[in-house]
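**Student:** need coordinates for the below:
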Amino acid sequence: MLDAALAHTVASPARRRLLAATAWGCLGGSLLPGCATVVAAPAADEDLAWLNRISWGADSAAWAALQRQGRRDYLAGQLHPTATAALPAPVQARIDALPLLRQSMDGWVTELAQRSRDAQAVPDLQARRAAVQAYQRDLNALAQDAATRTLLRAVHSPQQLQEQMTWFWFNHFNVHQGKANLRAMVGDYEERLRPLALGRFADLLVASATHAAMLRYLDNVQNAGKRRNENYARELMELHTLGAAGGYTQNDVQELARVLTGLGVRFGDASAPELDAALQPLYWREGPVEFNPARHDMGPKRLLGANVAARRGWDEILATLGRLARHPSTARHVGMRLALYLADDQPAPALVGRMATAFTASDGSIAHTLQAMFDAPEFPATLGRKFKDPVHYLVSAVRLLCDGQEAPPTPPLVAALTHMGQGLYNRSTPDGYPLDAAAWSGSGQMGTRFEVAQALVARIGSGTPTPAQAAFEAGVDARTRSALDAAGSRQERQLLLLCAPPFQYR
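**Tutor:** Presented below is the predicted three-dimensional model:
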């Protein structure tokens, strides 16, 4: 857990006082080990609860900005971020020094592919194993660098909503780092989604559909006219756009797979394939992703009750993606997913309806859809009642403890997320991590959070309460306050705060 040196940083007597103070049970009515159900945490200061929803978690700078600007102006800056909001210089320097950034994804994949071939060709068995292990370590290091960049931005970026939405969209268009060589691709894939996270859904969909990580993860690289693979087509409709109840059929899956034939990946070779003269104008390539018309099913197709014009190739794919992005079922499905992430485990139908209407009216603008959610009369009742998944728990704890100071080394934080079951890029199935409390509020999860909180407080806890911590403590219920006041030291008080039921909610 986190650092081996931190395993015993909270002395046994202090730990016993903590367990006694919280009863490590149903303090404040929420779920801790020993409870059977999740009940909403006591409401804290409403502005602070609002900020904890807009951001990964309040720190003193964000709290001061909200108080200075008011909700409307603060939200406008979050929904429409500018390029001028830079990270602190030392944090940006840590990111710039990551080996991941030394070359492009295409360069890394090509280099590592050659390393893999060289390793397999080593004649001595022991030496071959060592070479393969070194290759795997370097793949792991690239994914670790991507996770480091993500966590540093989540903790330090003033554009908190954009960072939350970047995580959301990666999870929505999920790929798993463990497949093949995707560890060399996940960082670039995430960077493709980040600038679009509050933009148009159609652009996000095309960015995902034309990235090597997605095409390889869901096997569209194997999808050709005479040998179709339906994996990506199925998930594209069920998870990414229309939703499972979106009104499509198995025949639509098959027809969409035909539309997507020929869209694949080719690393390390910049030349175009040899094509008949009639097909050459249809060839398209961007980086390692290409549309090869020789592998495309050129026949007429019928998708979702309408004909798809034949022999248009790449334009046929783009038009189909745009049609899926603008379908009414997509508006409802995306609205529901956003509400589940940022509002409630069981979003009010009226709230989802408002979001779907805003989505359609704005041609899929995520900023407009979220504005409709934040403005909805149903939204305020959700504040302080959304249970934190592990990523929200960890990042909010680090932001509260660091409070503008530079975050600690990130490998232990990455390991903590894996320990809590929500490792970055580590969801093996295409549905992404679940977003509801039931997936994360079991007794084992809460015990693990205690261990994580112990290590965080030992590493970055402070003897001086910050404005954000003081604001949070001021809004807790009497029983939680009594537990906090029983702490034997400031660090123990911070540990109690991170373990208290109100901190498990946003």
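**Student:** and the end-to-end length of stretch 289-302?
**Tutor:** This stretch, stretch 289-302, spans 26 Å end to end (C-alpha to C-alpha, to the nearest Å).
**Student:** quick one: mean pLDDT over it.
**Tutor:** Taken as a whole, stretch 289-302 has an average pLDDT of 96.
**Student:** can you give me the buried ones in that stretch?
**Tutor:** Buried residues in stretch 289-302, counting neighbours by 16 or more other C-beta atoms under 10 Å, are found at 289-293, 295-298, 301. Quick note: C-beta positions are derived from backbone N, CA and C, even for glycine.
**Student:** contacts for that stretch, please.
**Tutor:** With C-beta atoms under 8 Å, 6 or more residues apart in numbering as the test, stretch 289-302 has contacts from 210-212, 215, 224-225, 228, 255, 258-259, 261-266, 273, 275-276, 279, 282-285, 307-311, 313-314, 317.
**Student:** quick revisit: arrange the buried residues of stretch 289-302 in CSV, one row each, with secondary structure as further columns.
**Tutor:** As requested, these are exported to CSV (DSSP: H, G, I helix; E, B strand; the rest coil):
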residue, secondary structure
289, strand
290, strand
291, strand
292, coil
293, helix
295, helix
296, coil
297, coil
298, coil
301, strand
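**Student:** quick one: the helices in the stretch 51-200 of the chain?
**Tutor:** Secondary structure of the stretch 51-200 of the chain by DSSP state H, counting those that start in this stretch: the helices cover 60-79, 89-96, 105-120, 125-156, 160-172, 186-193.
**Student:** and of those helices, who's closest to residue 402?
**Tutor:** Evaluated over the helices of the stretch 51-200 of the chain, closeness to residue 402 peaks at helix 125-156, with 6.5 Å, by C-beta to C-beta.
**Student:** show the average pLDDT along the closest one.
**Tutor:** 97.
**Student:** now do stretch 481-498
**Tutor:** 94.
**Student:** report the separation between the two terminal residues of it.
**Tutor:** 13 Å.
**Student:** for it, what is the distance to the chain centroid?
**Tutor:** 31 Å (C-alpha atoms, centre = their mean, to the nearest Å).
**Student:** also stretch 283-294?
**Tutor:** 28 Å.
**Student:** quote the end-to-end distance of that stretch.
**Tutor:** 9 Å.
**Student:** same deal with stretch 166-180?
**Tutor:** So stretch 166-180: terminal residues 23 Å apart, C-alpha to C-alpha.
**Student:** give the rounded mean pLDDT of that stretch.
**Tutor:** 98.
**Student:** residues in contact with it?
**Tutor:** 143, 150, 154, 182-183, 185-186, 189-190, 193-194, 196-197, 204, 208, 213-214, 216-218, 239-240, 337-338, 341, 391, 425-433, 435.
**Student:** let me know the pLDDT of residue 322.
**Tutor:** Residue-level pLDDT assigned to residue 322 equals 98.
**Student:** remind me which helix or strand residue 302 belongs to.
**Tutor:** strand 301-303 (DSSP states H and E).
**Student:** distance from that strand to the middle of the chain?
**Tutor:** 33 Å.
**Student:** what packs against the next helix or strand after that strand?
**Tutor:** Note on strand 301-303: by DSSP H and E, the next helix or strand toward the C-terminus is strand 306-308. If contacts are counted by 3 or more C-beta pairs under 8 Å, 6 or more residues apart in numbering; DSSP states H and E, strand 306-308 sits against strand 301-303, helix 314-325.
**Student:** could I get the ones you listed as CSV with distance to residue 494?
**Tutor:** Compiled in CSV, the helices and strands packed on strand 306-308 are given as follows (distance: least, C-beta to C-beta, whole Å):
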stretch, distance to residue 494
strand 301-303, 56
helix 314-325, 45
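**Student:** return the most buried member of those.
**Tutor:** helix 314-325 (a mean of 19; mean count of other C-beta atoms under 10 Å).
**Student:** could you report the distance from residue 229 to residue 261?
**Tutor:** The gap separating residue 229 from residue 261 is 9 Å, by C-beta to C-beta, to the nearest Å.
**Student:** likewise residue 232?
**Tutor:** Counting by C-beta to C-beta - residue 232 and residue 261 are separated by 11 Å.
**Student:** quick one: common contacting residues for those two?
**Tutor:** What both residue 232 and residue 261 touch, as defined by C-beta under 8 Å, 6+ apart, is the set residue 223.
**Student:** give me the below-cutoff pLDDT ranges for this protein.
**Tutor:** 1-44, 84 (pLDDT under 70).
**Student:** circling back: restricted to buried residues, select the contacts of stretch 289-302 in ChimeraX.
**Tutor:** Only the buried entries of those go into this ChimeraX selection, using 16+ other C-beta under 10 Å:
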select :210,211,212,215,224,255,258,259,261,262,263,264,265,266,279,282,283,284,308,313,314,317
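**Student:** so which of the contacts of stretch 289-302 are in strands?
**Tutor:** If you go by DSSP state E, the contacts of stretch 289-302 have 263-265, 284-285, 307-308 in strands.
**Student:** identify the farthest-apart pair in these.
**Tutor:** Top of the distance list for the ones in strands among the contacts of stretch 289-302 (C-beta to C-beta): 265 and 307, 29.2 Å.
**Student:** give me the common contacts of residue 229 and residue 261.
**Tutor:** Contacts common to residue 229 and residue 261, judged by C-beta under 8 Å, 6+ apart, are residue 223.
**Student:** which SS state does residue 48 fall under?
**Tutor:** Classified using three-state DSSP, residue 48 is helix.
**Student:** need the ones in strands among the contacts of stretch 289-302 in JSON lines (columns: distance to residue 347).
**Tutor:** As requested, the ones in strands among the contacts of stretch 289-302 are exported to JSON lines (distance: C-beta to C-beta, whole Å):
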{"residue": "263", "distance to residue 347": "34"}
{"residue": "264", "distance to residue 347": "37"}
{"residue": "265", "distance to residue 347": "37"}
{"residue": "284", "distance to residue 347": "39"}
{"residue": "285", "distance to residue 347": "41"}
{"residue": "307", "distance to residue 347": "36"}
{"residue": "308", "distance to residue 347": "34"}
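**Student:** from those residues, which is closest to residue 246?
**Tutor:** Residue 246 lies nearest to residue 308 out of the ones in strands among the contacts of stretch 289-302, by C-beta to C-beta, at 17.6 Å.
**Student:** for the closest residue to residue 115 other than its chain neighbours, give its distance to residue 482.
**Tutor:** Excluding the flanking residues, the one nearest residue 115 by C-beta to C-beta, 6 or more residues apart in numbering is residue 135, at 5.0 Å. With the distance defined as C-beta to C-beta, residue 135 ends up 55 Å from residue 482.
**Student:** and the two? which has more neighbours close in?
**Tutor:** Neighbours per residue (other C-beta atoms under 10 Å) separate residue 135 from residue 482, with residue 135 holding more: 19 against 12.
**Student:** what about stretch 416-426, start to end distance?
**Tutor:** 13 Å.
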